[in-house]
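Enquirer: Got a predicted structure plus its sequence, pasted below:
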Amino acid sequence: MPGPDLLSSQGLRLDGRRPNELRRIRCKLGVFTQPDGSAYLEQGNTKVLAAVYGPHQASKSKTSTDGVVVNCQYSMATFSTGERKNRPRGDRKSQEMSLHLRQSLTAAIKTELYPRSQIDVYVEVLQADGGAYCASVNAATLALVDAGIPLKAYACACTASIAWRGSEPEPLVDVGHVEEAAGGVCLTVSSLPSTRSVALLELSHKLHMDYFDVVLSRAMQGCRDIEVILDRAVREHLAEGWTKQDVVTI
Amino acid sequence: MTGHVSIKLASERVNHCVAANNELPRFYTPGEVISGMQDFMRGHGTYTEDDCLKSSVAGVMQKVNKLICIRPLKSRYVGEIGDVVVGRVLEVQQRRWKIETNSRLDSVLQLSSVNLPGGELRRRSAEDEQMMRKHLQEGDLISAEVQSVFSDGSLSLHTRSLKYGKLVQGTLVKVFPSLIKRRKNHFHNLPCGISVIIGNNGYIWISPQQQDILLEDNKDEIQNYELQPVSRTDRETMARVKNCIAALVASKMMLDDTSIMFAFEESLKYDNVKDLLDPEAMLDIAFLAQHRINTVMED
């Protein structure tokens, strides 16, 4: 079942990357002062802002005594896609993304620590160039870290696809918009790489069982690579922001 | 109308860092293993998994004997008994007020733990429960002290002292609670004629200094005092203090009366209060204030 031609004869992808290369990730923590935590993340041309409010008192209808309620809102700016969007949030796709985002973040947050509380996560996609969901999860994780909310581990998300070099399958990591639009399969994995567990798995098209393992392991490898990048960004942020009082032992 | 507009390139953004930190402490990030489980106690910001003690927040380690905590750079306010807080009334309920104090859960102010205005003693009656809204209504700001912490982490406040109570006529500044130093006194009358309440929860109240009217326990006069106009110079000084605090916060400097006063004195070379909002001016003030704090510390 040879798919569309995603690899050149030299083994390079449409945007010139090798199959196992991520797009460039640039990120910054603490971009806003008003929310408790915020982050900006660029993954290639996909640009995402995330803001976290809380934990604060949950509204009466949502309150739960077992743990914190995570409330997510995923919205795409009207100018984020090639064709202008009419509804930035509230359409079916955004609602689905919000639910998926909540699933990934709930897996990472130590929810049992804050009963009767609520954490609001607002994600705004400024430019969508493939993998908007992954960038949202990664940005939201950084924003949660910035807000000082206890996490079990970083939640990282990455996509993977498959291409053919001759008759050999070659998995591709971090699928861009062009590759997505070319009609290949796209496997989205959201995971906690340091605990080796998966929070969310989504497949856009049919994929033969035989190739599923290679694609999944490539996506997991992508998550681990992203975790390293996020960890480095967090450490840089800490190095900038720490004060002497933090280290004083009591 | 033409105004003075300055637009900067993103690359020329001001770096607000003032402290010369050559030596970095060891940082921990979520999911990082701190040590094996044996002979350590699990504190805030840590959890155990697979016989290992792991960090759950990003920050620096604080160790007390065997207890290990990881302290994040910023988080919501975690109250302790005796803290001074500034809060906003959210709701009037049966015999209590719900107060928003930047904490994880809303705080509670019991009707039995307030002093009524004018120092008048309260009679337990249905009548004074109906008078609650007259005393404090939704949206009012109060200063209070933490009386106790409930098991779920929410706070119970009290205002059983003349220095606590409703706040009128002033400015509220919200900063991250981690920037506030715990001190003996959080009520300061600055020499510039302004009084500030530095709440432990990161809410700072700036108001013109109260005259001694409160000592005469005449209720009517207190009510009249609330409505007195504030002079223009007082308002300008308040705005200047507010901008100084903003400058210190942008450079992540600890806030107490000395740092605010130093920043205020350094800011006097800028005649216009609004000039202080300029990023370069903010950095300048923070840098000079930090320098003066360092000199004081050395002496």
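Expert: Everything's here; your move. Numbers count the residues shown, from 1 in each chain, chains lettered A, B, ... in the order given.
Enquirer: ok, residue A:5 to residue A:214 distance?
Expert: Using C-beta to C-beta, to the nearest Å, we find residue A:5 at a distance of 19 Å from residue A:214. Placement of C-beta: from N, CA and C, glycine included.
Enquirer: for residue B:277, same thing?
Expert: When residue B:277 is compared with residue A:214 (using C-beta to C-beta), they lie 56 Å apart.
Enquirer: Tell me which residue lies nearest the centroid of chain B.
Expert: Residue closest to the mean C-alpha point of chain B, counted by C-alpha atoms, centre = their mean, is residue B:202 at 2.6 Å.
Enquirer: so how far is residue B:83 from it?
Expert: Taking C-beta to C-beta as the measure, residue B:202 falls 11 Å from residue B:83.
Enquirer: Can you show me the helices along chain B?
Expert: Under the criterion DSSP state H, chain B carries helices at the ranges B:126-130, B:132-135, B:219-226, B:232-250, B:257-267, B:279-298.
Enquirer: Please name whichever of the ones you listed is nearest to residue B:91.
Expert: helix B:132-135 (10.7 Å; C-beta to C-beta).
Enquirer: Could you tell me how many residues sit around residue B:152?
Expert: As a burial measure, residue B:152 scores 12 neighbours (other C-beta atoms under 10 Å in any protein chain shown).
Enquirer: Surely it is in contact with residue A:116?
Expert: Yes. Counting by C-beta atoms under 8 Å, residue A:116 is a contact partner of residue B:152 at 6.6 Å.
Enquirer: what do the two both touch?
Expert: Contact criterion C-beta atoms under 8 Å, 6 or more residues apart in numbering or on different chains; residues shared by residue B:152 and residue A:116: residue B:105.
Enquirer: tell me the mean pLDDT for stretch B:81-100?
Expert: Taken as a whole, stretch B:81-100 has a mean pLDDT of 93.
Enquirer: mind checking the end-to-end distance for that stretch?
Expert: One end of stretch B:81-100 to the other measures 17 Å (C-alpha to C-alpha, to the nearest Å).
Enquirer: Report whether stretch A:183-202 contacts chain B.
Expert: Yes. Interface with chain B: stretch A:183-202 contributes A:192, A:194, A:195 (C-beta under 8 Å from any C-beta of the partner chain).
Enquirer: does the second one count as helix, strand or coil?
Expert: Remark: residue A:194 carries the secondary structure label helix [criterion: DSSP: H, G, I helix; E, B strand; the rest coil].
Enquirer: Could you tell me how many residues sit around it?
Expert: 20.
Enquirer: swap in the first one?
Expert: Under the neighbour criterion other C-beta under 10 Å, residue A:192 is assigned a count of 23.
Enquirer: try residue B:35
Expert: With other C-beta under 10 Å as criterion, residue B:35 counts 13.
Enquirer: There's contact between residue B:67 and residue B:45 in this structure, I believe.
Expert: No. Look at residue B:67 against residue B:45 with C-beta under 8 Å: they stay out of range, at 11.5 Å.
Enquirer: So for these two, which sits in the more crowded spot?
Expert: Legend: neighbour count by other C-beta under 10 Å for residue B:67 and residue B:45, higher for residue B:45 (24 against 14).
Enquirer: Pull out the buried positions in the top helix by length along chain A.
Expert: Counting by DSSP H, the longest helix found in chain A is helix A:209-241. Counting neighbours by 16 or more other C-beta atoms under 10 Å in any protein chain shown, one finds that the buried residues in helix A:209-241 are A:215-216, A:218-223, A:225-227, A:229-231, A:233-234, A:237-238, A:241.
Enquirer: restrict the residues you listed to those near chain B?
Expert: When contact is defined as C-beta under 8 Å from any C-beta, these meet chain B at A:231, A:234, A:237, A:238, A:241.
Enquirer: what's the last one in contact with, if anything?
Expert: It refers to residue A:241. Taking C-beta under 8 Å, 6+ apart as the test, what residue A:241 contacts is A:30, B:73, B:252.
Enquirer: Check the gap between the residue lying closest to the second one once chain neighbours are set aside and residue B:249 for me.
Expert: If I follow you right, that is residue B:73. Excluding the flanking residues, the one nearest residue B:73 by C-beta to C-beta, 6 or more residues apart in numbering or on different chains is residue A:241, at 5.1 Å. Computed as C-beta to C-beta, the residue A:241 to residue B:249 distance reads 12 Å.
Enquirer: same question, residue B:61
Expert: Residue B:61 is 25 Å from residue B:249, where distance means C-beta to C-beta.
Enquirer: Buried residues of stretch A:55-65, list them for me.
Expert: A:55, A:56, A:57, A:58.
Enquirer: What's the end-to-end length of that stretch?
Expert: Per C-alpha to C-alpha, stretch A:55-65 runs 14 Å from first to last residue.
Enquirer: Any residues of the stretch 51-200 of chain B in contact with chain A? List them.
Expert: B:56-60, B:62-64, B:71-76, B:104-106, B:152-153, B:179, B:181.
Enquirer: for chain A, which spans come out with low pLDDT?
Expert: A:1-4, A:243-250 (pLDDT under 70).
Enquirer: pLDDT value on the spatially closest residue to residue B:245 that is not a sequence neighbour, please?
Expert: Excluding the flanking residues, the one nearest residue B:245 by C-beta to C-beta, 6+ apart is residue B:173, at 5.4 Å. Looking at residue B:173, its pLDDT is 94.
Enquirer: For beta bridges, what are the partners of residue B:173?
Expert: Beta-bridge partners recorded for residue B:173 (DSSP bridges): residue B:204.
Enquirer: Do I have it right that it meets residue B:242?
Expert: Yes. Using C-beta under 8 Å, residue B:173 is in contact with residue B:242, at 5.7 Å.
Enquirer: can you list residues touching both of the two?
Expert: Residues touching both residue B:173 and residue B:242 (C-beta under 8 Å, 6+ apart) are residue B:206.
Enquirer: Indicate which one of the helices of chain B is closest to residue A:171.
Expert: Here helix B:232-250 is closest among the helices of chain B (C-beta to C-beta), at 45.8 Å.
Enquirer: Run the angle between the closest one and helix B:279-298 for me.
Expert: 80 degrees (axes from the mean of the first three to the mean of the last three C-alpha atoms, to 10 degrees).
Enquirer: which residues touch helix B:232-250?
Expert: A:33, B:16, B:170-171, B:173, B:175-176, B:179, B:190, B:192-194, B:196, B:204, B:206-208, B:255, B:259-260, B:263-264, B:267, B:273, B:276-277, B:279, B:281-283, B:285-286, B:289.
Enquirer: give the contact list for residue 45.
Expert: Let's take chain A. So residue A:45 contacts A:23, A:127, A:129, A:177 (C-beta under 8 Å, 6+ apart).
Enquirer: That was the other one, I meant chain B.
Expert: By C-beta under 8 Å, 6+ apart, the contact set of residue B:45 is A:150, B:55, B:56, B:57, B:59, B:69, B:70, B:71, B:72.
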